[in-house]
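A.B. asks: Can you look at this prediction? I've put the sequence above it.
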Amino acid sequence: MQPAEKHQLFSGLTLPCGLNLKNRIAKAAMEENMAVSGQLPGEDLFRLYQAWAKGGAGMIITGNVMVDHLAMTGPGGVALEADTSLQPFEQWAKLSKQNDCKIIMQINHPGRQVFKKMGGKVLSPSDVALDMGAHSGLFTQPKAMTDEEIEDVIERFVTTAKRAEAAGFDGVEVHAAHGYLLAQFLSPLTNKRQDQWGGSIDNRSRLLLEIIKRIRQAVSPQFALSVKLNSADFQRGGFDVDDAKKVVEKLSEEAVDFIELSGGSYEAPAMQGRTADGRTLEREAYFLSFAEQIAAVSKVPVMTTGGIRRLPVAEKVVANNVALVGIASALAYNPDLPNRWQQDARFEGVIPLVNWKDKTLAGLATMAMVKRQLRRIGAGKTSKQNISPLVSLIADQLRAAKLTKRYRKQYANEVS
């Protein structure tokens, strides 16, 4: 083995709020769908997060924690609301802090990206439906939000952030990327409003900025507040890098501690390396060139995520004025990847690649393969590299159907 030299990647970083990170490696969020009944974290999630904490990452960002149990990205998702029991969240935070690891809760609202079979609320700035080609029928036509619904969403983000702090989390990350609700407000393709929430980028970013301002007022100064933002939507006419620069400049004035840059949505899954506008992404560290441009105008640390699995690439990210390296899928296969890199600089992580003609099914199969690894680690097993994408997809769909039945039964009077 070739030991890793003492690189900048393994140097510490202090965020503006004073939170100290032991290194620049962040476990980025992944869709886990491993909640127990009641949309709560349970033993499998606890084991998974312990593995990441012990594996050497300086910071863990959780998978989606939804601000509304009636607006879920999947039936096994976690939700944290005003009346949710904090005990399992306290346990989750405590176990994730082992080995001097910091834990950030990603908080989110899916907007229109809710599967039809889930029921519940399907909201968006405008009544623009998802265009998934032959698979568009999987999703419900959204309704344009009223001012009252917008205010309710703002308050929900603030409530979830306050409760995350009460449970012992080190901070929250507000998800405004990947086509979820706040990204829908940012994009001119989905935001057709003519009021204060639509039109110019100043108006389209108003909801995100209002949420950030109110969270910062509601939590302590030492609680980390961050944002996940698309560097671009990678759809023609969508939110692009110039928009992202303007939003980052605004966020830099709002006591934000770091900004994670990603890209894409359900319609254009750039976070899996595929675009819908013909632009080519990096083979690894997909969004690095965009992150470099945006970091140049940011007054706060910038993080980028997307396809990173090798130490030299992670080092390249940090060397290009990007403070934090987000790693997701590679940590599903090797939760101890940071520790391995320190022992062997040539060790390469694993990221699944499914090259089916149907890009939607290929994306679902890729996610299914990753989630299968997460479940194995959560069950106390090791990851398994040579798995079938088809078998993984079928198993994931069957599991999702079972969880959806449980979800709809529990909220039968609410999800019609």
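C.D. replies: Here it is on my side, so go on. If you're wondering where the values come from, they're calculated on a predicted model, not measured in any experiment. Numbering: from 1, shown residues only.

A.B. asks: Now do the SS call for Thr190.
C.D. replies: Following DSSP: H, G, I helix; E, B strand; the rest coil, Thr190 is assigned to coil.

A.B. asks: Just the residues contacting the lowest-mean-pLDDT helix or strand in the chain, thanks.
C.D. replies: Using mean pLDDT, DSSP states H and E, helix 288-295 stands out as the lowest-scoring helix or strand of the chain, at a mean of 88. Outside helix 288-295, the residues that touch it by Cβ atoms under 8 Å, 6 or more residues apart in numbering are 231-232, 241, 244-245, 248, 259, 261, 263, 282, 302, 304, 316-317, 320-323. For every residue, glycine as well, the C-beta is placed using N, CA and C.

A.B. asks: can you give me the helices in this protein?
C.D. replies: 43-54, 87-96, 147-167, 181-186, 201-204, 206-218, 241-251, 288-295, 311-319, 329-333, 337-343, 359-378, 389-410 (DSSP state H).

A.B. asks: lowest-confidence stretch among those?
C.D. replies: Here the helices of the chain differ in mean pLDDT, and the lowest is helix 288-295 at a mean of 88.

A.B. asks: Could you dump the helices of the chain into JSON lines and include mean neighbour count and distance to Met30?
C.D. replies: Output for the helices of the chain, formatted as JSON lines (neighbours: other Cβ atoms under 10 Å; distance: least, Cβ to Cβ, whole Å):
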{"stretch": "helix 43-54", "mean neighbour count": "20", "distance to Met30": "10"}
{"stretch": "helix 87-96", "mean neighbour count": "19", "distance to Met30": "14"}
{"stretch": "helix 147-167", "mean neighbour count": "19", "distance to Met30": "18"}
{"stretch": "helix 181-186", "mean neighbour count": "28", "distance to Met30": "17"}
{"stretch": "helix 201-204", "mean neighbour count": "18", "distance to Met30": "27"}
{"stretch": "helix 206-218", "mean neighbour count": "19", "distance to Met30": "22"}
{"stretch": "helix 241-251", "mean neighbour count": "19", "distance to Met30": "22"}
{"stretch": "helix 288-295", "mean neighbour count": "21", "distance to Met30": "19"}
{"stretch": "helix 311-319", "mean neighbour count": "19", "distance to Met30": "18"}
{"stretch": "helix 329-333", "mean neighbour count": "26", "distance to Met30": "6"}
{"stretch": "helix 337-343", "mean neighbour count": "21", "distance to Met30": "14"}
{"stretch": "helix 359-378", "mean neighbour count": "21", "distance to Met30": "6"}
{"stretch": "helix 389-410", "mean neighbour count": "16", "distance to Met30": "13"}
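
A.B. asks: can you tell which of these is closest to Lys116?
C.D. replies: Closest approach to Lys116 among these is made by helix 389-410 (10.5 Å; Cβ to Cβ).

A.B. asks: and the gap between Asp68 and Arg193?
C.D. replies: 21 Å (Cβ to Cβ, to the nearest Å).

A.B. asks: Which one's more surrounded, the two?
C.D. replies: When neighbours are counted by other Cβ atoms under 10 Å, Asp68 and Arg193 differ, and Asp68 comes out ahead with 20 against 16.

A.B. asks: pretty sure the more buried one is touching His109, no?
C.D. replies: Yes - taking Cβ atoms under 8 Å as the definition, Asp68 is a contact partner of His109 at 6.2 Å.

A.B. asks: Please enumerate the shared neighbours of the two.
C.D. replies: Val153, Arg156.

A.B. asks: that older thread, roughly how far is the least confident helix or strand of the chain from the heart of the chain?
C.D. replies: Centroid separation between helix 288-295 and its chain, computed with Cα atoms, centre = their mean, to the nearest Å, is 19 Å.
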